[in-house]
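Visitor: Following is a predicted model, sequence given first.
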Amino acid sequence: MLSRKVDTTQGRVAIVESPGNSMPVVLIHGNSSCRDVFERQFETDFAKLYRIIAVDLLGHGQSDNAREPRQAYTVPGHAAVLIEVLRSLDIRRAALLGWSLGGHIGLEMIGQGFDASGIMIVGTPPVRRGVLGMVRGFQAQLDLLLATRSLLRPQEIERFARVCVGETFAPQFYDAIARTDVRARPILARGMMTGIGGDQRWIVENIPTPVAVTNGADEPFVRLDYLSSLGYRNLWGGRCHIIEGAGHAPFLEAPEAFNRLFSSFLDDMSRYHTENAEQRRAHRVA
C-alpha cells in the first residue's frame, strides 16, 4: 500500500492506497476515528483490483489540523476538502464508502456535484437539515453527546470507542480519539444541529446515484426503521442490508459478511462506472 499526504487549501490530508488500478473507491471514516478503521477492507481481493483510497479527515489521524476550523470541520467543509484531494489525484469519479460522519460527508460530496459511481453508507441516516431531522434519524443515545465535546476524559474515550467499534477493537482507537483536534467535534455538532449543508434525505430520494444502506443489527445510534422508511430513488439491492453480530462498525466487527456485500456492490458500481464513462465519451463525440 502507498501512504502519502496531499496538500489542500486547509492543510495536508493523509491517505493510503491499495495497489489496484481499476475504479477508484474512497473510504471515509467517522467522527474521531481514522483511516485505520478500514484495515480489513485492504486485506481483500477487491483491494487488488480496485484503487481503494482511505483518508484521514482533517483534524484526525495523520492529517493536519485545519487552517480554518470553523469552515473545514463542518460536513460541507470536509466534503469540499475531499473533493479537492481527489482532484489532486486526478480522480473525477469514484465509488464512496462512508461510515457514520463519513456517510454524511459522502452524501454532501454528491450534493456538491461530485460524480460518484455509487455510495454505501454505514451508520449514517440521511437526514433533513436541523434539529428535527437529526431527532428523526438518530436514536436518543447519551453516548452521542461524547461526539460533541472538545475534550474527552480517558474513561469517556474508552466508552466512546466501545460504542463505535465494539469491545474487541476499542483499544485500537483510543489514540485516534485522543488525537482528534479539540475544535473538530463541537464545530461539527453545531453545524449539524443548525442545518449547515445539504438536505441529505432529499439527495437519496431524488438523485439517481445508487445508494447502498448497510448497518449492523445492533446499531446503537441510527434509527433503522427510519432508514427503511425513506423513498430512495435508487436503493442498491432494493432493500436496506443488515449484518448480524455487528454494531456501528460492521466492516470491522463482521468483516467477512461485510466484505462479501461490499464486493458485490463494487462489482455493480464498476459496471455502472464503465457504462456511464462510455456514454459520456459517446456524447462528446456526437
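Guide: Arrived safely. Keep in mind that this is a model prediction, so the values were computed, not measured.
Visitor: do you know how far residue 89 is from residue 44?
Guide: Noted for residue 89: a distance of 21 Å to residue 44, by CB to CB, to the nearest Å. For glycine as for every other residue, the C-beta is placed from the backbone atoms N, C-alpha and C.
Visitor: Residue 182 now?
Guide: In terms of CB to CB, residue 182 sits 35 Å off from residue 44.
Visitor: For the two, indicate the residue with more neighbours.
Guide: Ranked by neighbour count (other CB atoms under 10 Å), residue 182 and residue 44 place residue 44 first, with 19 against 13.
Visitor: And for the residue nearest to residue 2 when sequence neighbours are not counted, the neighbour number?
Guide: Spatial nearest neighbour of residue 2, chain neighbours left out: residue 17 (4.6 Å); criterion: CB to CB, 6 or more residues apart in numbering. By other CB under 10 Å, 17 other residues sit near residue 17.
Visitor: start the count at 327, not 1, going forward
Guide: Yep, numbering from 327; the last one is residue 343 now.
Visitor: OK, contacts around residue 343?
Guide: 327-330, 377-379 (CB atoms under 8 Å, 6 or more residues apart in numbering).
Visitor: Mark which of the residues you listed are buried, thanks.
Guide: For these, a burial check counting by 16 or more other CB atoms under 10 Å picks out 377-379.
Visitor: Which ones among the residues you listed map onto helices?
Guide: Secondary structure from DSSP state H places none of the buried ones among the contacts of residue 343 in helices.
Visitor: how about stretch 388-396: buried residues?
Guide: 388-392, 395.
Visitor: With respect to residue 498, which of those is nearest?
Guide: The nearest member of those to residue 498, counting by CB to CB, is residue 388 at 15.2 Å.
Visitor: Tell me if I'm right that that closest one and residue 382 touch.
Guide: Yes: assessed by CB atoms under 8 Å, residue 388 is found in contact with residue 382 at 5.3 Å.
Visitor: list the residues that contact both of the two?
Guide: Joint contacts of residue 388 and residue 382 (CB under 8 Å, 6+ apart) are 340, 360.
Visitor: Now do the strands in the chain.
Guide: Ranges of strands in the chain, per DSSP state E, are 328-334, 337-343, 350-354, 377-381, 419-425, 441-448, 537-542, 567-569.
Visitor: Put together CSV for the ones you listed, with mean pLDDT on each row.
Guide: CSV is the format used below for those (pLDDT from 0 to 100):
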stretch, mean pLDDT
strand 328-334, 97
strand 337-343, 98
strand 350-354, 98
strand 377-381, 98
strand 419-425, 98
strand 441-448, 97
strand 537-542, 98
strand 567-569, 98
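Visitor: want to throw the ones you listed into JSON lines with distance to residue 482?
Guide: Rendered in JSON lines, the data for the strands of the chain read as follows (distance: least, CB to CB, whole Å):
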{"stretch": "strand 328-334", "distance to residue 482": "30"}
{"stretch": "strand 337-343", "distance to residue 482": "25"}
{"stretch": "strand 350-354", "distance to residue 482": "24"}
{"stretch": "strand 377-381", "distance to residue 482": "25"}
{"stretch": "strand 419-425", "distance to residue 482": "21"}
{"stretch": "strand 441-448", "distance to residue 482": "23"}
{"stretch": "strand 537-542", "distance to residue 482": "22"}
{"stretch": "strand 567-569", "distance to residue 482": "27"}
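Visitor: Ok, which of these comes nearest residue 469?
Guide: Using CB to CB, the nearest of the strands of the chain to residue 469 is strand 537-542, at 15.2 Å.
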